[in-house]
Structures are given as structure tokens and as C-alpha cells.
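In: For reference, the sequence and a predicted model appear below.
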Amino acid sequence: MSEEQIKDSDIPRDRDEIADDYNERGISFFNLKKYPEAIKEFTKAIKILQNDPDYYFNRGLSYYSMRMYDSAIKDYRKAIEILPGNADYHNALGAALEDSGNIEDSEKEFTAAIELESDIPDFYYNRGNARYRLGKKEEALKDYSEAVRLNSMDQIFVYKRYETLMNMGRYEEALRDINAAIELMPENGAYYILKADTLGKLGRKEEALVVLDEAMKLSVNPEEVEAKRKELEKL
């Protein structure tokens, strides 16, 4: 048989290559949000190679996207069993545990992720959310602050710290954060309403009313703005 007559299908492939092909197909389906199809491909890859943590992790992500948290948790734990030093695996497991209602264990997994990689703001943000739900507001505040320190341009991190400060009655600090959030997203009218509310709690009624005028210009729900205006006028 000449070299020209040899087809790709005639070339023997090893198990790693075949499994990787299934994994790549699974990733393609996942990116198209075809999660059941992705799960089938990742499962095929796992049947060929049972010791590749990424295959379990990828299948876990697919299960998680379908809100099949128990299956996702099982796959994430298997990935960690094979490769315990991967921070992303612990972070993903933490998210699945939190969404399944196991907040205490989710906090532990986010902590494990942070211990492995201490410069990822999302890990602190996620742990902050878990700690907030556990009633650990001071610890949550520290985590949100660290997330902001690592990435001050993400308005979600700033907003969550603002929300926590408001719930703790620390209005002056909260005002600084809502101002920062507005600087990052000046077109977000909801932030102006929040700023007006914060100013109201500080007794700065006239400033709050001016801020509501700004909110109205940004096509925020007029009923919401007027409700806040009436609330402030009663002060």
C-alpha cells in the first residue's frame, strides 16, 4: 500500500488520543450549551481514561449548568481526588455545595482554593458570599475587601461590599463604595437609587433628592424612583 493510500482511519491511535477527542467534542457541545450531549462525550472519555481529572471536572461543569448539583459534586470530588492541588476544582466544588444548600462545606472548599491560589479575586468573593449566608458578616466583609483589592474594576465586588456595609449600618463606608460603583458603571440607574437611600440614612435628604433626579434621567423605573422620593420626603 502506498503512502498516498493510507487514510487517517487506518492509522492506529492510542487511548489518550481517543479520549481527548471525546473530551474536545464535549467541550464543543458545552460551549454551545448542549449540556446533555456534552455529558455523553465526557462520559465516553472517562470510560477510556479513568484517571484524567479534567474529564470529571468538565462533566461536573455540565451537570452544574443543568443544576444537577449532586452529580456535579460527585464529579468535582473525583477530580480533586485525582489532583487535589487544583484551585479551580475546589472553587467549583464550593459553588456546587453552596447552591445545593451545604454552605459550611462550601466555605471550606473556597478556603482550600484560596490556600492554593491566594491572588484570585473570585475565590474571595465566593467565600465572602458563603460567609455572608452563614452570618459571618465581618469575615465576609474582609473577603469582599480582598476581592476589591485584587480587582477594583469589578463593580460586582464593590457592590457586594457596599451591600454588606449597609446591612452592618456602616453608612459612611457604604457611601464610598456606592460612589465607586457609580464611577465604574455610571449608566446603572439602580446604583443612584441606592446612593439616595444611603444618603437618606445619613440624614442628607437634599443630596439624596438630587441623586434621584439623576436616576430619573437614566430611564430607571419611574415608579421606583418616585417611591424612594416619597420615602425620603417623609424624613
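Out: Happy to help now that I have it.

In: Residue 199 and residue 178 touch, don't they?
Out: No - in this structure residue 199 lies outside contact range of residue 178 using CB atoms under 8 Å: 9.3 Å. Using the backbone N, CA and C atoms, a C-beta is placed for each residue, glycine as well.

In: Dump the helix or strand of the chain with the lowest mean pLDDT to CSV, restricted to CA.
Out: Within the chain, no helix or strand scores below helix 222-233, which has a mean of 88 by mean pLDDT, DSSP states H and E. Below are the C-alpha coordinates for helix 222-233, written out as CSV (Å, rounded to 0.1, in the frame of the first residue of the first chain):
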residue,chain,number,x,y,z
PRO,A,222,-40.1,55.9,37.4
GLU,A,223,-42.3,54.2,40.0
GLU,A,224,-39.3,53.0,41.9
VAL,A,225,-37.7,56.5,41.8
GLU,A,226,-41.0,58.1,43.0
ALA,A,227,-41.4,55.6,45.8
LYS,A,228,-37.9,56.4,47.0
ARG,A,229,-38.6,60.1,46.7
LYS,A,230,-41.7,59.9,48.8
GLU,A,231,-39.8,57.8,51.4
LEU,A,232,-37.1,60.5,51.6
GLU,A,233,-39.6,63.3,51.8
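
In: what comes up buried for it?
Out: Judged by neighbour count (16 or more other CB atoms under 10 Å), helix 222-233 contains these buried residues: 225, 228, 229, 232.

In: likewise stretch 65-74?
Out: 68, 69, 71, 72, 73, 74.

In: what does stretch 85-96 give?
Out: So stretch 85-96, judged by 16+ other CB under 10 Å, has buried residues 86, 87, 88, 89, 90, 91, 92, 93, 94, 95, 96.

In: How about stretch 140-153?
Out: 140, 141, 142, 143, 144, 145, 146, 147, 148, 150, 151.
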